[in-house]
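**Student:** how would this look folded up:
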Amino acid sequence: MEKVNLAEKLASFSTHWDPKIVAELNGQHVKLVKFQREFVWHHHENEDEMFLVVEGKFVMEFRDRSVPLGEGEFIVVPRGVEHRPVADDEVSVLLFEPASTLNTGNAGGERTVAEPERI
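**Tutor:** All right, here's what the predicted structure looks like:
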């Protein structure tokens with residue numbers, strides 16, 4: 001049982017679209033990720049995802065609307081819903097999702113991180 005300092009963990013990496021595991025509980029991963037620009041359109045067949053903005057801001061795009069998110073705000077994307085995060089400037093986000101969740105969901109491709117690093 002160790003405390004997690006988000007600022008320290010975020011300072012330990014600079015890569016984008018490369019989620020890092022910072023904790024686990026009840027089959028869920030708590031991950032930190034930094035991103036900038038747009039990600040791939042994708043969905044998760046079996047998992048819901050929670051995105052909590054730690055620093056910065058981004059827009060969660062859905063096929064029928066866009067939801068802007070700022071520091072201290074979060075959104076839960078239900079399983080099966082196609083989405084893509086987009087950030088004009090770098091944003092730091094905490095993800096809460098089942099351990100089985102692939103970052104690119106059904107899309108796959110070069111941005112897939114099959115085994116996120118634990119930091």
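**Student:** What separation do you get for Glu55 and His29?
**Tutor:** 20 Å (CB to CB, to the nearest Å). Backbone N, C-alpha and C define where each C-beta goes, glycine included.
**Student:** Who has more neighbours out of those two?
**Tutor:** Between Glu55 and His29, His29 has the larger neighbour count (other CB atoms under 10 Å), namely 20 against 13.
**Student:** Next up, identify which helix or strand that one is on.
**Tutor:** If you go by DSSP states H and E, His29 is part of strand 28-38.
**Student:** packing partners for that strand?
**Tutor:** Helices and strands touching strand 28-38, by 3 or more CB pairs under 8 Å, 6 or more residues apart in numbering; DSSP states H and E, are helix 6-11, strand 20-25, strand 83-98.
**Student:** Could you point out the helix or strand that follows it?
**Tutor:** Downstream of strand 28-38 (by DSSP H and E), the next one is strand 49-55.
**Student:** ok, that next one: who's next to it in the sheet?
**Tutor:** strand 74-77 (antiparallel), strand 83-98 (antiparallel) (DSSP bridges).
**Student:** Just send these back as TSV, with mean pLDDT too.
**Tutor:** Conversion of the strands paired with strand 49-55 to TSV gives the following (pLDDT from 0 to 100):
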stretch	mean pLDDT
strand 74-77	97
strand 83-98	96
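**Student:** can I get these in a markdown table with mean neighbour count?
**Tutor:** Formatted as a markdown table, the strands paired with strand 49-55 follow (neighbours: other CB atoms under 10 Å):
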| stretch | mean neighbour count |
| --- | --- |
| strand 74-77 | 16 |
| strand 83-98 | 18 |
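**Student:** Appreciated, that's everything.
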